[in-house]
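generate a structure from the sequence data that follows.
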Amino acid sequence: IVSGKQTHKVPLHNRYPLNSNTYLHDTPTVAVGDKVKAGQTLAENNFTNQGSLAMGKNLRIAYMPYKGKNFEDGIVISETAAKKLTSIHKYEHRLDKDSSIKVGLDTMLAHFPDQADKLGNKSRYGSDGIIKKGATVNHGDLLIPAVQEQKLHEDYDYARLHRALSNSWSDRSIYWDHDHKGKVMDVISTPTFVKVLIETEEQATIGDKISMRHGGKGIITTVLPDNEMYRDEKNEPLDVLFNPTGVPGRVNPGQMFEAAAGKLAKTTGKTYVVKNFGNQGPTLDKIQSELRSAGINENAEETVTDPETGRQYPGTLVGDTHFFKLKHMVSKKFSAR
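A predicted model of the protein is given here:
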C-alpha cells in the first residue's frame with residue numbers, strides 16, 4: 001500500500017499451520033490499483049466474513065423427534081447440512097531416519113514386492129520414491145517407502161514359523177491410513193527425517209459432535225438424504241432435527257430463543273442484536289412481539305411434513321440456529337482395551 005511517499009507492507013498468512021490441525025489462510029479483498037481508506041478490510045481469512053469473526057454455520061432446525069434416531073443427545077442432519085459443516089484439516093506424517101533405515105521406492109519393492117499394488121499411478125512419486133507435492137492420495141496409498149534392517153538371531157530358524165520372519169528387512173513405510181481423500185501440500189526431506197503434509201476436506205459424518213451457541217450439543221446419529229429429510233412450510237428440506245426433550249432436560253431455553261430470533265433475522269434480512277446482561281425485559285415477550293410485527297407465527301411454529309409418507313406435524317418450532325462442528329470427531333475417538 002502506497003500512502004504519499006510511504007509504502008506500507010501488510011503481511012498475509014499463507015496456509016499458516018495451527019496447533020488445532022488446520023490452517024490460517026488469508027485471501028486479499030483488494031486488488032492492485034484500488035484506493036483504500038483507514039479501517040477498510042484488506043483480506044479475509046478462513047475464520048472471517050466481511051471483516052467479522054465467522055465460525056460455524058447457520059442451519060435450519062426443527063425441534064421434533066425422528067424415529068428414535070435423535071433420542072437424548074442424538075442429532076439428525078441432512079446431506080446438505082453435512083456439506084455445510086465441511087472442515088479443512090492438516091495431517092503430518094513423519095519418518096525419522098537412522099543408519100538402519102533406507103528410503104526409496106525401488107529398495108522397498110525389492111524386499112516387499114507385494115506392496116506394488118498400493119502405488120497406483122507411479123507418476124505421483126518423485127525420483128526418491130516419496131509422494132510428490134500436489135498428489136492426491138486415497139486410503140492405503142503409500143506416502144514414504146522405507147525399509148529397516150533387522151538382525152535375526154542365528155540360532156533360530158524363523159522360516160519354520162513363518163516365511164516372512166526370515167526376512168532381515170522390515171517394512172517401515174508410511175501409508176495414508178485415513179478414510180478421507182487427501183492432497184499432499186508439502187514434502188520435506190532432510191538427512192534425518194522425511195515429513196509429508198496432507199490436507200483434507202471432511203464433511204460432517206455420523207459420530208461427529210456439533211453444538212449450538214447456547215450449549216445444546218450432541219452426536220450426529222444419522223445423515224439423511226435431502227429427499228428424505230422433513231420439510232418446512234416452504235417445502236424446503238430442514239438441516240437439523242433436534243429432540244425437544246433435550247431443552248428442559250438441560251434447562252436451556254436460550255437455544256429455542258435463538259432459533260426464533262434467527263428465523264426473524266433471516267426473514268427480515270436484519271441482524272438480530274442481543275445485549276447480553278442488559279436490561280431488555282422478558283426475552284420471550286420481546287421476541288414474540290417482533291415475530292408478530294414481521295408477520296411470523298409468534299411461537300415460530302410451522303407444520304413440518306414427512307416427504308416419504310406425507311404425514312404432517314403441526315405446531316413444530318422451526319428456526320435458524322448457529323452450529324459449530326466440534327473438535328470431537330469420530331475418527332479420533334476409537335479405542336479398545
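
mind listing what's buried along stretch 189-208?
By neighbour count on 16 or more other CB atoms under 10 Å, the buried set for stretch 189-208 is 189, 194-200, 202-205, 208. Just so you know, the C-beta spots here come from the backbone N, C-alpha and C atoms, and that holds for glycine as well.

other residues contacting stretch 101-117?
With contacts defined as CB atoms under 8 Å, 6 or more residues apart in numbering, stretch 101-117 is touched by 95, 97, 119, 125, 128-130, 142, 144-149, 167, 169, 171-173, 194.

just the buried members of these?
Neighbour-count burial (16+ other CB under 10 Å) applied to the contacts of stretch 101-117 gives 95, 97, 119, 125, 129-130, 142, 144-147, 167, 169, 171-173, 194.

quick one, helices of the stretch 151-300 of the chain?
Counting by DSSP state H, counting those that start in this stretch, the stretch 151-300 of the chain has helices at residues 246-250, 254-268, 283-293.

of the buried residues of stretch 189-208, which belong to strands?
By the criterion of DSSP state E, membership of the buried residues of stretch 189-208 in strands covers 189, 194-200, 202.

can you list the residues you listed in a markdown table and add distance to Gly262 and pLDDT?
As requested, those are exported to a markdown table (distance: CB to CB, whole Å; pLDDT from 0 to 100):
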| residue | distance to Gly262 | pLDDT |
| --- | --- | --- |
| Ser189 | 50 | 92 |
| Val194 | 48 | 94 |
| Lys195 | 43 | 95 |
| Val196 | 42 | 95 |
| Leu197 | 38 | 93 |
| Ile198 | 36 | 94 |
| Glu199 | 32 | 93 |
| Thr200 | 30 | 94 |
| Glu202 | 26 | 92 |
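
dump those to CSV, plus distance to Pro307.
Below are those laid out as CSV (distance: CB to CB, whole Å):
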residue, distance to Pro307
Ser189, 54
Val194, 52
Lys195, 49
Val196, 45
Leu197, 43
Ile198, 39
Glu199, 36
Thr200, 32
Glu202, 28
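
how near is Met64 to Ile88?
According to CB to CB, to the nearest Å, Met64 stands 32 Å off from Ile88.

comparing the two, which residue is more hemmed in?
For Met64 versus Ile88, the count of surrounding residues by other CB atoms under 10 Å is larger for Met64: 19 against 14.

so what's the more buried one closest to, chain neighbours aside?
Nearest non-adjacent residue to Met64, counting by CB to CB, 6 or more residues apart in numbering: Thr316, 5.1 Å away.

alpha carbons of stretch 175-192, as PDB, please.
What follows is stretch 175-192 as a C-alpha-only set of coordinates in PDB (Å, rounded to 0.1, in the frame of the first residue of the first chain):
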ATOM      1  CA  TYR A 175       0.900 -45.100   4.300                       C
ATOM      2  CA  TRP A 176      -2.200 -42.800   4.200                       C
ATOM      3  CA  ASP A 177      -4.500 -44.500   6.700                       C
ATOM      4  CA  HIS A 178      -7.400 -42.100   6.700                       C
ATOM      5  CA  ASP A 179     -10.800 -42.700   5.000                       C
ATOM      6  CA  HIS A 180     -10.900 -39.200   3.500                       C
ATOM      7  CA  LYS A 181      -9.200 -38.300   0.300                       C
ATOM      8  CA  GLY A 182      -6.200 -36.000   0.800                       C
ATOM      9  CA  LYS A 183      -3.900 -33.700  -1.100                       C
ATOM     10  CA  VAL A 184      -0.200 -33.500  -0.500                       C
ATOM     11  CA  MET A 185       0.600 -29.900   0.400                       C
ATOM     12  CA  ASP A 186       4.300 -30.200   1.100                       C
ATOM     13  CA  VAL A 187       7.100 -32.800   1.300                       C
ATOM     14  CA  ILE A 188      10.200 -32.100   3.500                       C
ATOM     15  CA  SER A 189      13.100 -34.400   3.100                       C
ATOM     16  CA  THR A 190      16.300 -34.000   5.200                       C
ATOM     17  CA  PRO A 191      19.200 -36.300   6.100                       C
ATOM     18  CA  THR A 192      17.400 -37.100   9.400                       C
END
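
so which residues make contact with that stretch?
Contacts of stretch 175-192 (CB under 8 Å, 6+ apart): 15, 90-91, 93, 96-97, 118, 126, 128, 130-143, 194-202, 331.

can you tell me which of those residues are in helices?
In helices, judged by DSSP state H, none of those are found.

low pLDDT regions in this structure?
Filtered on pLDDT under 70, the chain yields the residue ranges 118, 152-167, 280-281, 328-337.

how many neighbours does the nearest residue to Lys132 once chain neighbours are set aside have?
Distances taken as CB to CB, 6+ apart place Gly126 nearest to Lys132, at 5.2 Å, with adjacent residues excluded. Using other CB under 10 Å, Gly126 is surrounded by 14 other residues.
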